[in-house]
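A.B. asks: build me a model from this:
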Amino acid sequence: MKTPIGFVLALMLAGPQVAGIAAQLPAEPAIERLAWLAGCWMQARPNGTVEEHWMPPRGGSMLGMSRTVSAGKTEEYEFLRIALVDGTLSYVALPSGQAQATFPLKSLDDGAVVFENLAHDFPHRIIYRRTADGMTARIEGVLKGEARGRDFPYRRCPN
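C.D. replies: The predicted model follows:
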């Protein structure tokens, strides 16, 4: 069966309008793919704990916080946000005693997310990976000319 030339011409002429409509349709929000991160996570240490709490994605953002408790005292804390910054999904950290830092999304799949800012002093990358029994957060980068990394193996907080 031959396609009528009029139909082909109509599609060619409508092409830009169809493309414009498709561009306006909302894509799957990337932040929804991070829903697995929501909840309370904890790493037990010999002299304390590291906790990280994330609210579920809502309104285009996820809000989080963490704290490190050693010998019964809060040693460090951090306020966290994952949201669009200048049109890019980004991880925004405000650690205790430091300036705010923004890490744009580098990669995202169903089991891991990588945020990266090579201009930041340390870390350069913040990585979250789902594991069989929890989640691992990792920071890595170069500090004083040396490649460094640190893993935070988390389990869900006990109820």
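A.B. asks: ok, and the closest non-adjacent residue to D110?
C.D. replies: Spatial nearest neighbour of D110, excluding adjacent residues (C-beta to C-beta, 6 or more residues apart in numbering): R33 at 7.0 Å. (Glycine included, C-beta is placed from N, CA and C.)
A.B. asks: and for A30?
C.D. replies: Among residues not flanking A30 along the chain, L89 sits closest, at 5.0 Å (C-beta to C-beta, 6+ apart).
A.B. asks: so what's the residue count around the one you found?
C.D. replies: 20 (other C-beta atoms under 10 Å).
A.B. asks: number the chain from 108, please
C.D. replies: All set: I'll call the first residue 108, so the last point we hit is now L196.
A.B. asks: isn't it up against I189?
C.D. replies: Yes: distance between L196 and I189: 6.8 Å, which falls inside the contact criterion (C-beta atoms under 8 Å).
A.B. asks: what touches both of the two?
C.D. replies: Common neighbours of L196 and I189, counting by C-beta atoms under 8 Å, 6 or more residues apart in numbering, are I138.
A.B. asks: what residues does stretch 246-262 touch?
C.D. replies: With contacts defined as C-beta under 8 Å, 6+ apart, stretch 246-262 is touched by 148-150, 157, 159, 227-234, 238, 240-245.
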